[in-house]
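[1] The following comprises the amino acid sequence and a computationally predicted model.
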Amino acid sequence: MDTQIIIAIVIAVLVLIALVAGGVALTRRRRISLSDDSGAQRPVDGTTPQVDKSGGYKAGSGFSFSQGGGSGVGLAVPPEPPSTTPQTTEPPTTQPPTGERTEVDGQPGVGDDASVPRDSVRRGIQNVDLPADDVLTDDVPDDTVSEVESPDATAARSTSDTRSAPDTTVEVPETPAELFEAPAPDADTLPDTERPAETAATTTAPVEPETAPAVEEAAAPAPIDEIAPTAGRLGRLRGRLSRSQGAIGKSMLGLLGAGDLDEESWEEIEDTLLMADLGTASTMAVVERLRTELATGSVRTADQARAVLRHVLVQQLRPDLDRSVRALPHAEGPAVVLVVGVNGTGKTTTTGKLARVLVADGRRVLLGAADTFRAAAADQLQTWGERVGADIVRGKEQADPASVAFDAVAKGIDTGVDVVMIDTAGRLHTKTGLMDELGKVKRVVEKKAPVDEVLLVLDATVGQNGLTQARVFAEVVDISGVVLTKLDGTAKGGIVFHVQEELGVPVKLVGLGEGADDLAPFEPEAFVDALL
Ligand SMILES: Nc1nc2c(ncn2[C@@H]2O[C@H](COP(=O)(O)OP(=O)(O)OP(=O)(O)O)[C@@H](O)[C@H]2O)c(=O)[nH]1
């Protein structure tokens with residue numbers, strides 16, 4: 001009997017011990033302590049000697065280009081090898097498109113700045129400052145940004161082009177009337193600022209019939225300067241993410257390495273991620289994964305915590321997404337890339353930078369300046385084209401942007417280029433008329449060739465508003481990739497997470513500066529490494 005009591009007591013004590021041990025273990029799972037495991041790898045507190053704290057964005061590879069899919073032409077045939085011989089095809093002659101505009105009554109014109117009153121005096125042609133003269137050695141002729149080039153001047157300059165089509169003024173076949181559904185607005189009913197006659201009066205472009213603005217080509221002029229190899233370029237981008245590094249990387253590592261992680265700490269981690277613009281969904285997902293990983297693993301040191309954080313962030317950025325830019329030609333024609341976005345996000349700059357990469361890759365590029373509202377925008381693109389060695393098709397101010405885009409693709413097909421990149425006018429996503437017009441640009445181009453890539457250019461510094469923009473653009477033109485610019489100027493690099501989470505569209509490229517080579521392919525691992 002005594003023995004039975006003793007056994008019962010022993011069992012009770014063992015059960016009690018087991019319960020206490022279980023409780024302690026559970027508590028530990030929620031409360032994570034980190035300690036230093038070596039003299040060389042201390043918790044991140046700002047004084048720790050780490051291998052690379054510069055936030056250098058070092059992509060492991062160069063840009064990735066692919067061939068567009070879907071209804072694309074010639075998909076079964078591999079892309080043509082890069083053309084290296086000067087192009088001699090004589091472009092067809094054309095009847096230029098009319099200067100009709102397609103906007104809806106009461107809506108600003110394409111490229112309108114929301115802050116500029118509709119009835120204000122139209123801006124004339126102006127010089128456009130281009131970045132990165134240090135990496136671009138060509139002298140750009142003074143007249144290149146002032147007005148549409150005369151055929152003679154273009155011809156003279158084109159003789160020095162050793163790379164691509166030297167043709168001068170190009171007349172493009174008349175665009176089928178059915179492609180342009182919107183009726184030409186009655187000049188009498190237009191606001192003063194929209195009348196073609198007034199536009200002609202405010203510019204210094206050569207006088208041409210008002211009703212027949214020509215689409216002209218600015219041929220690439222002088223021999224093209226050397227383009228920095230990708231590896232060198234990425235090296236120069238070191239430290240450009242330092243602001244986001246501080247806001248996300250250092251803060252997170254500081255919190256994770258501070259010691260016990262109680263509920264308050266997790267709330268702080270959440271706040272940090274939200275402040276860095278990751279958005280609610282991404283923040284919750286990251287925190288959840290972190291909690292799970294830290295609880296189940298044997299994470300006890302700051303370095304282990306860093307590794308876990310890196311893994312979680314990389315996974316959240318979905319490294320499985322295809323980030324190649326669909327800019328490789330089809331058997332029957334060039335790839336077509338449409339660049340869209342609101343005003344001032346960096347569309348033209350990105351178009352120029354990407355054209356530069358493609359040319360360096362041995363591709364022949366034709367630029368389409370479908371911003372027909374601001375002459376300066378087309379001038380800016382033209383200068384980029386001249387510097388990187390890409391021809392350009394541009395229209396008169398007030399020309400239908402869809403018409404110019406169509407003509408650019410037609411010219412690209414005729415002259416056998418590898419890729420046509422169409423830079424569209426900045427437009428506010430809130431303006432229905434302008435968004436309709438953008439939809440039309442894409443539809444019209446698709447009558448000539450499939451659009452392989454629609455790149456939405458988002459300014460990372462605008463934060464959450466970029467998401468709103470992205471949603472609207474995605475609806476109208478079915479964007480296939482995002483270019484996040486100005487990441488060098490913001491601490492909110494977390495927007496990358498948010499954009500992808502919300503849209504499911506991959507961020508393909510990032511802009512990290514104003515220089516011609518400050519464009520990098522987006523790679524989750526390299527990006528996260530730059531942050532941590
Ligand atoms: N810091 C920084 N500046 C950039 C970047 N990309 C573009 N910019 C600058 O942003 C400004 C606007 O660039 P644009 O290319 O003219 O923008 P856009 O979208 O074509 O403008 P609109 O045609 O007027 O809508 C220029 O001063 C560019 O140099 C970037 O990645 N980083």
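    Alright, I've got the coordinates. Numbering: from 1, shown residues only.

[2] for the ligand, what are the nearby residues on the chain?
    By Cβ under 6 Å from any ligand atom, the residues of the chain that approach the ligand are 131, 341, 343-349, 371, 377, 426, 485-486, 488-489, 511-514, 518. Every residue, glycine included, has its C-beta placed from N, CA and C.

[3] Could you turn the buried ones of these into a PyMOL selection?
    In PyMOL, this line selects whichever of these come out buried by 16 or more other Cβ atoms under 10 Å:
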select buried, resi 341+343+345+346+347+348+349+371+377+426+485+486+488+489+511+512+513+514+518
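
[4] Okay, and which of the residues of the chain next to the ligand map to strands?
    T485, G511 (DSSP state E).

[5] Which of the residues in stretch 410-430 are classified as buried?
    For stretch 410-430, a neighbour-count test (16+ other Cβ under 10 Å) marks 410-429 as buried.

[6] What's the end-to-end length of that stretch?
    31 Å (Cα to Cα, to the nearest Å).

[7] Where does V420 sit: helix, strand or coil?
    What DSSP: H, G, I helix; E, B strand; the rest coil gives for V420 is strand.

[8] Is it in contact with V339, as I believe?
    No: contact status for V420 versus V339: not in contact, 11.1 Å apart, counting by Cβ atoms under 8 Å.

[9] so where is the stretch 1-150 of the chain shaky, pLDDT-wise?
    Along the stretch 1-150 of the chain, segments meeting pLDDT under 70 span 1, 22-61, 70-150.

[10] ok, now the chain?
    1, 22-61, 70-239, 242-246, 258-259, 297-298.

[11] could you pull out the strands for it?
    For the chain, strands defined by DSSP E occupy the ranges 65-67, 216-218, 325-328, 335-340, 365-370, 391-394, 419-424, 453-459, 481-485, 507-511, 519-521.

[12] and the ones you listed as JSON lines, adding distance to L261?
    Listed next are the strands of the chain as JSON lines, based on distance: least, Cβ to Cβ, whole Å:
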{"stretch": "strand 65-67", "distance to L261": "42"}
{"stretch": "strand 216-218", "distance to L261": "60"}
{"stretch": "strand 325-328", "distance to L261": "40"}
{"stretch": "strand 335-340", "distance to L261": "43"}
{"stretch": "strand 365-370", "distance to L261": "51"}
{"stretch": "strand 391-394", "distance to L261": "56"}
{"stretch": "strand 419-424", "distance to L261": "48"}
{"stretch": "strand 453-459", "distance to L261": "34"}
{"stretch": "strand 481-485", "distance to L261": "31"}
{"stretch": "strand 507-511", "distance to L261": "30"}
{"stretch": "strand 519-521", "distance to L261": "34"}
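
[13] so which of these gets nearest M435?
    Among the strands of the chain, the nearest to M435 by Cβ to Cβ is strand 335-340 (9.8 Å).

[14] Given that closest one, what are its sheet partners and their directions?
    Neighbouring strands of strand 335-340 in its sheet, by DSSP bridges, are strand 419-424 (parallel), strand 453-459 (parallel).

[15] could I get those as TSV with distance to V15?
    Listed next are those as TSV, based on distance: least, Cβ to Cβ, whole Å:
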stretch	distance to V15
strand 419-424	72
strand 453-459	60
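
[16] Looking at those strands, which is nearest to R364?
    Among these, strand 419-424 sits nearest to R364 (Cβ to Cβ), with 7.7 Å.

[17] Need the residues that contact that closest one.
    327-329, 334-340, 347-348, 351, 354-355, 358, 363-371, 377, 381, 390, 401, 405, 408-409, 411-412, 438, 441, 445, 449 (Cβ atoms under 8 Å, 6 or more residues apart in numbering).
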